[in-house]
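Peer 1: Got a sequence here, can you model it:
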Amino acid sequence: MVSQTEKPPKFSVKDLTIRYGTTPALSGVSLEVEENEIFGIIGPANAGKTSFLKVLNRMDTMTEGMSYEGEIEFNGINTRKLRNLYALRSRIGVVFPLPVGLPLSIYDNVAFSPRLRGINEKKRLDQIVEQSLTRAALWDEVKDRLDSLGSLLSGGQQQRLTIARALSQDPDILFLDEFSIAVDPVTTMRIEDVLVELKQEMTIILVTNLVQQARRLTRRTAFFLSGECVEVGETEAMFAGDVKDSRTSDYIEGRFG
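Peer 2: Okay, here's the model as predicted:
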């Protein structure tokens, strides 16, 4: 039981199993993600990493044939008992592997979510757009062309625009699903610097296929393999070889994956 002075984990997952139809994608996962940490998830393709994020955000309700068993708590509340799933999703910003820009101007991409929340005052929207683009390390590059289409930006800029749009929700938690797949190394490092700063304000779950990125950014890391959470541990300890399962070291050291 959590005391009155101790915050519950941001997410608590117990005995989670995810299926598509009758086919399991992830089985028996139990872990906690704490407030204001960058929590890493590593593992090869088809390990269940993206499915895990989808269920945390209750996107199973939007995916045909997807279901889960087990318990998921967000800020101490069982997500199955939430009547308004929009209220949950509005607290979670999501960035997918490839930039998913809306066919709108840079300004309107970022202002889209605030407008959905009923914010229509121009001065307030201007503040949100500038703040979100600044936090995504993009403001200085686009401030003079906010009316231009977001789709005309470079790939790295579009990914940062996607991050700005996620931040415009003022989320409690940010999901990053292999954000650097389509981003050059210089831009990746810029985004990583942003994430380190954002950790002071929110919790971040980072799914990455770059194990060294997990080492640079995360305090704790979960290793997923073939639909199983092999282990969860302190990131530096895992990279130093202090693991419970040799498969974790084999993956980190590049012997498979």
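Peer 1: The residue nearest the centre of the chain and Arg190, how far apart?
Peer 2: The residue lying closest to the centre of the chain (CA atoms, centre = their mean) is Phe175, at 1.0 Å. Computed as CB to CB, to the nearest Å, the Phe175 to Arg190 distance reads 19 Å. For glycine as for every other residue, the C-beta is placed from the backbone atoms N, C-alpha and C.
Peer 1: Please apply the same query to Pro171.
Peer 2: Per CB to CB, Pro171 is found 20 Å from Arg190.
Peer 1: ok, which stretches of the stretch 51-200 of the chain are strands?
Peer 2: 66-74, 77-78, 92-95, 173-177 (DSSP state E, counting those that start in this stretch).
Peer 1: Can you list the buried residues in the longest one?
Peer 2: If I follow you right, that is strand 66-74. Met66, Tyr68, Gly70, Ile72, Glu73, Phe74 (16 or more other CB atoms under 10 Å).
Peer 1: That strand vs strand 173-177, what angle?
Peer 2: Using axes from the mean of the first three to the mean of the last three CA atoms, to 10 degrees, the inter-axis angle of strand 66-74 relative to strand 173-177 is 140 degrees.
Peer 1: as a whole number, average confidence for strand 66-74?
Peer 2: For strand 66-74, mean pLDDT is 95.
Peer 1: And for the third one?
Peer 2: Throughout strand 92-95, pLDDT has a mean value of 90.
Peer 1: for the stretch 1-150 of the chain, what spans make up the helices?
Peer 2: 49-56, 85-89, 106-116, 122-135, 139-142 (DSSP state H, counting those that start in this stretch).
Peer 1: Output the below-cut-off pLDDT ranges for the stretch 51-200 of the chain.
Peer 2: Across the stretch 51-200 of the chain, residues meeting the criterion (pLDDT under 70) sit at 98-101.
Peer 1: repeat that for 80
Peer 2: Scanning the stretch 51-200 of the chain for pLDDT under 80 picks out 97-102, 182-183.
Peer 1: rewinding a little: out of the helices of the stretch 1-150 of the chain, nearest to Ser246?
Peer 2: helix 49-56 (20.6 Å; CB to CB).
Peer 1: And the helices in the stretch 151-257 of the chain, which stretches?
Peer 2: Using DSSP H, counting those that start in this stretch, helices in the stretch 151-257 of the chain cover 155-167, 185-198, 211-217, 235-239, 246-252.
Peer 1: From the contact counts, what lies against the second one?
Peer 2: Secondary-structure packing of helix 185-198 (3 or more CB pairs under 8 Å, 6 or more residues apart in numbering; DSSP states H and E): helix 122-135, helix 155-167, strand 203-207, helix 211-217.
Peer 1: mind saving the C-alpha coords of that helix as PDB?
Peer 2: Only the C-alpha atoms of helix 185-198 are listed here, as PDB (Å, rounded to 0.1, in the frame of the first residue of the first chain):
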ATOM      1  CA  PRO A 185      22.700  11.000 -35.800                       C
ATOM      2  CA  VAL A 186      23.100  14.800 -35.200                       C
ATOM      3  CA  THR A 187      19.400  15.300 -34.800                       C
ATOM      4  CA  THR A 188      19.100  12.200 -32.700                       C
ATOM      5  CA  MET A 189      21.600  13.600 -30.200                       C
ATOM      6  CA  ARG A 190      19.700  16.900 -30.200                       C
ATOM      7  CA  ILE A 191      16.500  15.100 -29.300                       C
ATOM      8  CA  GLU A 192      18.300  13.100 -26.700                       C
ATOM      9  CA  ASP A 193      19.400  16.300 -25.000                       C
ATOM     10  CA  VAL A 194      15.800  17.500 -25.000                       C
ATOM     11  CA  LEU A 195      14.700  14.200 -23.400                       C
ATOM     12  CA  VAL A 196      17.200  14.600 -20.500                       C
ATOM     13  CA  GLU A 197      15.700  18.100 -19.800                       C
ATOM     14  CA  LEU A 198      12.100  16.800 -20.100                       C
END
